[in-house]
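Undergrad: sequence and predicted model, in that order:
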Amino acid sequence: MERLSRFLRKRRNEINRPLRWVERESKKLYPDNKDAQISNGYLYQIESEKINFPHPLKLRTLAQLYDTDYYYLLQLAGYIEERKQEDIDPNLVKSFNQLTPKLQEHVIRIVDELVNVQENIREEIRSKI
């Protein structure tokens, strides 16, 4: 499977944009959300594999700026498993894409919290076995 770092570097070069452009545009896109903004240094660290698990909100910003699939970036970062297209509920994707970026942020945070709760429950069950 392709590496996140290589994919992002390749995609940025394809659209012929420097690191500073990503920083500037991410601030325009999300002026009130530092978690979704991307500094040129942070992007450089992702592209040079010093950061392997960037925040999902930053991946969403990159997907928007690079006009690429957010779920593919999540997969490359290891947040989700590779899925066949037929495994993904198109209604879910369609509904998510109809939300404003602000609401998408809230949904991502809620899902992150649910994943954490699930992991805590699993750990608690394992400790009792």
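TA: All right, it came through fine.
Undergrad: please make it C-alpha for all contacts and neighbour counts, starting now.
TA: Fine.
Undergrad: so where is the protein shaky, pLDDT-wise?
TA: 1, 82-88, 128-129 (pLDDT under 70).
Undergrad: show me the domain layout of it.
TA: 1-82, 89-129 (automatic domain parsing).
Undergrad: I'd like the distance between residue 34 and residue 109.
TA: Per CA to CA, to the nearest Å, residue 34 is found 14 Å from residue 109.
Undergrad: most packed of the domains of the chain?
TA: domain 1-82 (a mean of 16; mean count of other CA atoms under 10 Å).
Undergrad: hey, C-alpha coordinates of the helix or strand harbouring residue 9 in PDB?
TA: Using DSSP states H and E, residue 9 sits in helix 4-14. Taking Å, rounded to 0.1, in the frame of the first residue of the first chain, the C-alpha atoms of helix 4-14 are listed here in PDB:
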ATOM      1  CA  LEU A   4       0.800   8.700   3.400                       C
ATOM      2  CA  SER A   5       3.900  10.800   3.200                       C
ATOM      3  CA  ARG A   6       4.600   9.900  -0.400                       C
ATOM      4  CA  PHE A   7       1.000  10.300  -1.500                       C
ATOM      5  CA  LEU A   8       0.700  13.800   0.000                       C
ATOM      6  CA  ARG A   9       4.000  14.900  -1.400                       C
ATOM      7  CA  LYS A  10       3.200  13.600  -4.800                       C
ATOM      8  CA  ARG A  11      -0.300  15.100  -4.800                       C
ATOM      9  CA  ARG A  12       1.000  18.500  -3.700                       C
ATOM     10  CA  ASN A  13       3.500  18.500  -6.500                       C
ATOM     11  CA  GLU A  14       0.800  17.500  -9.000                       C
END
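Undergrad: show me what that helix is in contact with.
TA: Here helix 4-14 makes contact (CA atoms under 8 Å, 6 or more residues apart in numbering) with 18, 46, 47, 48, 49, 52, 66, 73, 76, 77.
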